[in-house]
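Enquirer: Output the structure for:
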Amino acid sequence: AFRAAREMCTDRGGAERGPIPAVSCGFSNPNAMDHPHPCREARNFPAPFSQHSSNSNTIPRFAWHHAGVSVSPSAPVVRDEACRSDRRLWLVRHGESTWNAAGLVQGQRDPGLSPAGHEQAARCARLLAEWGRPEAVYSSDLRRAVETAAPIADALGLPIFIEPRLRERSLGDAEGMPSASLGPRRSGVDRARVADADAAPEGGESVRQLYGRAAACLVQILASHRGDVVLVCHGGVVRVLLAWLDGIDPEDMTWPVIENALPIQRDLRGAPACA
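Expert: Sure, this is the predicted structure:
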């Protein structure tokens, strides 16, 4: 079992929806709609971002409250607040999932970690405990990310803040298909570069939409903390955040390989986005 933060969730009008208890069951994604979850009713989550929506504005607009700070998708993006101190950001792609091992397109589908993925997550936890002293651990709400974040948070003695906006890019009708079937016309990615930042599979997100969602989320997370922060998320999210930090627009991005559960450290003060 992993530990999640005891937070307060508010609806779109700002009304308090009640406490979200720490997760104590082994199933890690209470937002998943395609199978039951024993914690879903108790946690009282809003409806998740649809895995088949092409409009990034359909991401649920609610606030996560922790340590007296509200982190909301509707908050303004203020780079000075996010980058005002000399600190580090740790970006972690989840460990290998069962669908990674099977060569399937995941997007916002919700497979868990493979045995190798659990070993990678444990190794990542040891590295982060040795290399740094982060003050907060955030995770996408997808199972493969939360299962990776669990040993990290345990090693650091921290709770996990669940953040749905850190989900992988929605790949619409390509999800569940063999990875080789997702060509550049639909993905917008060709030869390790972004060829069309506005291309998207039917019902999915473009690279540009993912970039906007993830960058706005990152700024608001960083503005809520003074120290180092760990984000456990997905390959697409890591790529767009690295590009944003380097001041690179979506259409000019490369699309490098991001290794599973290998921490990537960024000094925020030196990032062009924070200049």
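Enquirer: And the pLDDT at Gly103?
Expert: The model reports Gly103 with a pLDDT of 97.
Enquirer: Ok, the one 4 residues further on next?
Expert: At Gly107 the predicted local confidence, pLDDT, stands at 98.
Enquirer: Same question for Gly132.
Expert: Predicted confidence (pLDDT) for Gly132: 84.
Enquirer: Could you tell me how many residues sit around it?
Expert: By the criterion of other C-beta atoms under 10 Å, Gly132 has 17 neighbours. (Glycine included, C-beta is placed from N, CA and C.)
Enquirer: and what of Glu168?
Expert: Neighbour number of Glu168 under other C-beta under 10 Å is 26.
Enquirer: helix/strand/coil for it?
Expert: coil (DSSP: H, G, I helix; E, B strand; the rest coil).
Enquirer: Please verify my assumption that it contacts Gly236.
Expert: Yes - counting by C-beta atoms under 8 Å, Gly236 is a contact partner of Glu168 at 5.4 Å.
Enquirer: quick one: the closest residue to Gly204 other than its chain neighbours from Gly227, how far?
Expert: Computed as C-beta to C-beta, 6 or more residues apart in numbering, the closest residue to Gly204 that is not its neighbour in sequence is Gly172, at 3.0 Å. Look at Gly172 and Gly227: by C-beta to C-beta, to the nearest Å, they are 37 Å apart.
Enquirer: higher neighbour count, those two?
Expert: Neighbours were counted for Gly172 and for Gly227 using other C-beta under 10 Å; Gly172 has more, 21 against 12.
Enquirer: I'd say that one and Glu202 touch.
Expert: Yes - judged on C-beta under 8 Å, Gly172 makes contact with Glu202 at a distance of 5.1 Å.
Enquirer: partners of Leu104 in the sheet?
Expert: Pro178 (DSSP bridges).
Enquirer: burial measure for it, as a count.
Expert: 19.
Enquirer: so it touches Ser181, yeah?
Expert: No - the criterion here is C-beta under 8 Å, and Leu104 misses it with Ser181 at 9.7 Å.
Enquirer: and stretch 105-117, how far apart are its ends?
Expert: 17 Å (C-alpha to C-alpha, to the nearest Å).
Enquirer: what's the answer for stretch 134-146, then?
Expert: Separation of the first and last residues of stretch 134-146 by C-alpha to C-alpha is 17 Å.
Enquirer: Mind listing what's buried along it?
Expert: By neighbour count on 16 or more other C-beta atoms under 10 Å, the buried set for stretch 134-146 is 134, 136-146.
Enquirer: what's the answer for stretch 182-200, then?
Expert: Neighbour-count burial for stretch 182-200 [16+ other C-beta under 10 Å]: 182, 186-189, 194, 196-197, 199-200.
Enquirer: Look at the closest residue to Arg193 other than its chain neighbours and report its pLDDT.
Expert: Using C-beta to C-beta, 6+ apart and skipping residues adjacent in sequence, the residue nearest Arg193 is Thr254, 5.4 Å away. pLDDT for Thr254: 98.
Enquirer: and the gap between Thr254 and Arg208?
Expert: 15 Å.
Enquirer: neighbour-wise, which of these two wins?
Expert: Comparing Thr254 with Arg208 by other C-beta under 10 Å, the one with more neighbours is Arg208, at 21 against 13.
Enquirer: can I assume the more buried one is in contact with Ala200?
Expert: No - in terms of C-beta under 8 Å, Arg208 does not count as a neighbour of Ala200; the distance is 9.1 Å.
Enquirer: returning to that earlier point: dihedrals phi and psi, the residue nearest to Arg193?
Expert: According to degrees, to the nearest 10, the main-chain angles of Thr254 amount to phi -90, psi 170.
Enquirer: distance of it from Cys217?
Expert: Distance, Thr254 to Cys217, by C-beta to C-beta: 21 Å.
Enquirer: Next: Arg185.
Expert: Arg185 sits 28 Å away from Cys217, going by C-beta to C-beta.
Enquirer: Likewise for Ala102?
Expert: Plainly put, Ala102 is 29 Å away from Cys217 if you go by C-beta to C-beta.
Enquirer: So between those two, which is more surrounded?
Expert: Using other C-beta under 10 Å as the criterion, Ala102 and Cys217 rank with Cys217 on top: 24 against 12.
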